[in-house]
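Trainee: sequence and computational prediction follow.
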Amino acid sequence: MNAEEARQALAQAGAARAGAAARAAAPRWYYPAVGGCFLFAFASVSIDWDLIPFGVVLGISLGPMLLTMAAGHATGVSFNRYYATPGARRITSVLGPLLVALIALGLVLEWGADLRWSMAACGVVALVATVVAGRRLDRAVTEELRA
């Protein structure tokens with residue numbers, strides 16, 4: 001490989017990276033939908049004991065997984081947006097423990113203090129936190145891919 005071929009390869013790699021950065025942001029519906037899955041998982045505890053398995057399976061695992069696949073199909077770029085860059089990892093390192101803390105708080109209030117609908121209220125907070133963190137995450141990933 002000569003110097004000219006190396007320059008062309010670098011130019012192609014830079015163009016591919018710029019193209020990926022332009023399509024890296026999730027569709028507008030992605031984070032509200034993932035937050036809605038979390039809300040369903042949280043609210044299933046408040047609604048009925050029998051819904052808890054469905055809330056866990058659909059709201060925490062299957063729903064977000066299918067939405068991530070759909071977002072990858074819609075944008076044409078498939079990657080783990082929560083861990084793709086150092087900035088994304090920093091945001092996720094705050095969002096993840098926050099969601100776990102909301103689960104713990106909701107369960108203590110719902111079952112320990114017998115405050116009905118506490119888990120659903122924590123689910124609303126989880127939805128808002130997911131949307132806000134998701135928008136910040138998209139900005140961080142896009143900026144870091146462009147840099």
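Mentor: Arrived safely. Residues are numbered from 1 along each chain as shown.

Trainee: okay, now the unreliable bits of the protein?
Mentor: 1, 14-23 (pLDDT under 70).

Trainee: max-length helix in it?
Mentor: helix 118-146 (DSSP state H).

Trainee: for it, which helices and strands make contact with it?
Mentor: For helix 118-146, the packing partners by 3 or more Cβ pairs under 8 Å, 6 or more residues apart in numbering; DSSP states H and E come out as helix 3-23, helix 30-47, helix 86-107. Placement of C-beta: from N, CA and C, glycine included.

Trainee: out of those helices, flag the one nearest Gly76.
Mentor: Across the helices and strands packed on helix 118-146, Gly76 has its closest neighbour in helix 3-23 (5.6 Å, Cβ to Cβ).

Trainee: for Phe79, helix, strand, or coil?
Mentor: With DSSP: H, G, I helix; E, B strand; the rest coil as the basis, Phe79 sits in coil.

Trainee: follow-up on the earlier one: now do the buried residues in the longest helix of the chain.
Mentor: By neighbour count on 16 or more other Cβ atoms under 10 Å, the buried set for helix 118-146 is 118-127, 129-131, 133-134, 136-138, 140-142, 145.

Trainee: winner for burial among the helices and strands packed on helix 118-146?
Mentor: helix 30-47 (a mean of 22; mean count of other Cβ atoms under 10 Å).

Trainee: isn't Thr75 right next to Thr68, touching?
Mentor: No: between Thr75 and Thr68 there is no contact under Cβ atoms under 8 Å: 10.8 Å.
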